[in-house]
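# Please find the sequence and the predicted model below.
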Amino acid sequence: MLTRADTYDEVCRLMSWQIPERFNMGVDVCDKHARSRPDAVALIVEDEDGQTVEYTFRALQQLSNRLANVLVGSGLERGDRVGILMSQSVEAAVSHIAAWKAGLISIPLFTLFGEDALEFRLADSGARALITDAVNLPKVEAIRPQLPALDLVLAVGADRRGDTARSADFWSAVDAARDTFAPVDTAAEEPGLIIYTSGTTGNPKGALHAHRSLLGHLPAVEFFNDLFPEPGDRMWTPADWAWIGGLMNVLMSSWHHGVTVVAHRARKFDPEAALALMARHGIRNTFMPPTALRLLRQAEPAIARYGCGLRTLTCAGEPMGAELLAWSREFLGITPNEYYGQTECNLVVANCARLMPVKPGSMGRPVPGHDVRVIDDDGQPLPASTVGQIAVRRPDPVMMLEYWRNPEATRAKFTGDWLRTGDEGHTDEDGYVWFLGRDDDVITSAGYRIGPGEIEDCLGKHPAVALAAVVGVPDALRTEVVKAFILPRPGTDVTPALETEIRDYVKTRLSPHEYPRIIEFVEDLPMTATGKIKRKELRHGGSTTPVA
């Protein structure tokens with residue numbers, strides 16, 4: 001999508017969107033390559049034991065054709081939703097491709113989600129099918145009675161569990177299906193993907209994206225990967241494909257260009273193992289949240305042992321900072337390109353060290369093709385050095401269609417033609433964008449964007465909790481950690497054991513990355529006249545009375 005040039009201004013001048021009327025993401029990332037270069041390696045999967053399997057584009061086409069036949073043969077119709085509850089794997093990748101080719105809408109789901117988090121997303125979306133694995137299947141079976149729309153569950157390894165009465169085995173179903181399938185002729189504006197946001201007040205919202213969203217990602221991916229791709233490029237990220245960063249920024253954008261992707265999702269990020277993996281597979285391009293990069297910094301002897309063959313390193317999800325930038329230049333021999341976006345409108349600001357100076361602390365400049373400004377409350381662009389809200393003008397190919405079945409929230413997201421990101425910032429005289437903070441309480445922890453509303457709702461279900469308020473507090477490693485202020489029910493015995501019980505309660509029902517690492521029991525919480533919790537006061541040490 002980007003025309004190669006020598007300067008940022010020249011690239012902006014030459015940039016033009018080329019969005020066809022008909023476009024299908026599944027065909028674009030898979031079938032077009034299966035026709036032109038069928039034996040090219042698309043995916044290398046390395047499991048936790050170090051065993052690897054390679055898949056060509058032709059193999060992915062056949063597998064996705066088989067799965068598309070299974071989905072359509074099970075009664076799913078154009079526009080139906082399919083949840084995909086798996087980590088980095090060939091099954092996860094094939095599931096998205098198959099859904100898109102069948103005219104269905106895929107929903108990536110994080111494998112660490114607990115029952116409550118999964119139930120809300122599957123019920124809200126009205127998902128008719130779910131694809132998962134044997135490890136996550138028990139969670140699905142536990143909530144399935146509350147999901148009347150969920151007709152089909154395919155699970156990798158279901159046959160090994162000896163329980164296929166309600167859930168079919170993924171590979172048995174795929175292997176029995178035909179390997180030919182005529183993809184649905186979708187419009188570029190047709191919905192293809194729902195990714196749930198981190199809710200700030202209440203439950204998360206489903207950002208509904210059209211097939212053209214993939215094309216909307218490309219200028220930024222090419223930009224912050226220093227004019228990606230180049231011969232020999234090979235991509236890997238420790239970020240889960242359940243999030244827009246791993247799925248669209250890395251996997252699907254790489255496959256648009258026919259670049260090989262390595263899939264390996266460890267249970268926990270290990271910096272030395274990551275370095276060994278990148279060396280083993282000749283990784284040239286990676287996206288790492290700054291928290292992962294900070295952990296990498298703690299493994300400097302391993303860097304010397306394995307070396308660094310990266311051509312590009314990108315960071316997002318939280319501010320990287322000048323110190324981490326300087327360290328990367330010194331010890332990795334590379335300048336990380338920081339970038340910015342959100343689930344609703346991804347990848348609109350970025351750095352490109354090949355075309356412009358990287359200013360420590362800045363997110364970069366607007367990606368060519370996107371109109372990004374800092375605006376006031378009335379939607380008027382503000383001059384340089386004036387603080388306001390970062391916003392993106394519509395229409396924009398990477399922008400969501402709407403919040404799923406939530407017209408009120410969709411309307412509230414815009415001021416005129418400006419999509420308000422909810423992030424405060426300012427620009428400088430050179431057009432660089434500087435992030436200052438959220439105006440809506442989202443917590444950024446280890447690269448995850450966490451909404452307090454969902455956690456507070458979960459805490460409120462615990463029998464010892466009368467009321468809870470959740471905020472982010474600074475943390476040297478994770479940027480922020482979740483802190484919960486809890487008003488206990490009368491007669492509750494506040495003990496360290498209760499703290500542990502509450503942490504585990506959230507960890508198992510929502511996700512391990514959302515549980516409160518810090519808990520403070522209080523006798524009161526600061527409230528507005530209308531009964532809303534004043535989280536800003538809590539973040540800044542506002543008045544609360546600890547439980548005696």
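Nice, thanks for sending it over. Numbers count the residues shown, from 1 in each chain.

# hang on, Asp378 packs against Ala391?
No - counting by C-beta atoms under 8 Å, Ala391 is not a contact partner of Asp378; they are 11.6 Å apart. The way it works is simple: take the backbone N, C-alpha and C, and place the C-beta from them, glycine included.

# shared neighbours, these two?
Thr415 (C-beta atoms under 8 Å, 6 or more residues apart in numbering).

# more crowded one of those two?
The neighbour comparison of Asp378 against Ala391 (other C-beta atoms under 10 Å) goes to Ala391, with 27 against 7.

# could you list every residue that touches the more buried one?
Residues counted as contacts of Ala391 (C-beta under 8 Å, 6+ apart) are Val372, Arg373, Val374, Ile375, Gly379, Thr415, Trp418, Leu419, Arg420, Thr421.

# Contacts only, for the nearest residue to it once chain neighbours are set aside.
Computed as C-beta to C-beta, 6 or more residues apart in numbering, the closest residue to Ala391 that is not its neighbour in sequence is Trp418, at 4.1 Å. By C-beta under 8 Å, 6+ apart, the residues touching Trp418 are Arg373, Ile375, Gly379, Ala391, Val392, Arg393, Arg394.

# between those, which is nearest Ala239?
Among these, Val392 lies closest to Ala239 (C-beta to C-beta), at 22.3 Å.

# To what extent is the closest one buried, counted in neighbours?
Val392, neighbours per other C-beta under 10 Å, totals 23.

# So what pairs up with it in the strands?
In this entry, Val392 is beta-bridged to Val372, Leu419, by DSSP bridges.

# just checking, it touches Val348?
Yes - look at Val392 against Val348 with C-beta under 8 Å: they come within range, at 5.3 Å.

# Now list whatever residues contact both of these two.
Shared contacts of Val392 and Val348 (C-beta under 8 Å, 6+ apart): His370, Val372.

# Throw the contacts of Trp418 into JSON lines and include distance to Glu402 and pLDDT, thanks.
Formatted as JSON lines, the contacts of Trp418 follow (distance: C-beta to C-beta, whole Å; pLDDT from 0 to 100):
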{"residue": "Arg373", "distance to Glu402": "22", "pLDDT": "98"}
{"residue": "Ile375", "distance to Glu402": "21", "pLDDT": "98"}
{"residue": "Gly379", "distance to Glu402": "19", "pLDDT": "97"}
{"residue": "Ala391", "distance to Glu402": "17", "pLDDT": "98"}
{"residue": "Val392", "distance to Glu402": "15", "pLDDT": "98"}
{"residue": "Arg393", "distance to Glu402": "17", "pLDDT": "98"}
{"residue": "Arg394", "distance to Glu402": "11", "pLDDT": "98"}
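
# who wins for neighbours among those residues?
Ala391 (27 neighbours).

# Return the distance of it relative to Lys413.
Counting by C-beta to C-beta, to the nearest Å, the separation of Ala391 from Lys413 is 10 Å.

# anything in contact with each of the two?
Contact criterion C-beta under 8 Å, 6+ apart; residues shared by Ala391 and Lys413: Leu419, Arg420.

# Roughly how far does the residue lying closest to Ile450 once chain neighbours are set aside sit from Thr386?
Leaving aside its sequence neighbours, Ile450 sits nearest to Ile443 (C-beta to C-beta, 6+ apart; 4.3 Å). According to C-beta to C-beta, Ile443 and Thr386 sit 27 Å apart.

# For these two, indicate the residue with more neighbours.
For Ile443 versus Thr386, neighbours defined as other C-beta under 10 Å are more numerous around Ile443 (25 against 11).

# wait, isn't that one in contact with Arg449?
Yes - counting by C-beta under 8 Å, Ile443 touches Arg449, with 7.4 Å between them.

# Report the set of residues contacting both of the two.
Ser198.

# Show me the shaky parts of the stretch 251-400 of the chain.
Applying pLDDT under 70 to the stretch 251-400 of the chain picks out no residues at all.

# typed the wrong thing, it's the stretch 101-250 of the chain
Short version for the stretch 101-250 of the chain, where the test is pLDDT under 70: 160-165, 199-202.

# Strands along that one, start to end?
Using DSSP state E, counting those that start in this stretch, the strands found in the stretch 101-250 of the chain span residues 105-108, 129-133, 152-156, 168-169, 191-196, 206-210, 234-236.

# Ok, which of those comes nearest Gly437?
strand 206-210 (21.6 Å).

# What residues are bridge-paired with Val153?
Leu130.

# cool, Lys483 as well?
Val471, Ile518.

# That one and Ala469 touch, don't they?
No - using C-beta under 8 Å, Lys483 is not in contact with Ala469; the gap is 9.2 Å.
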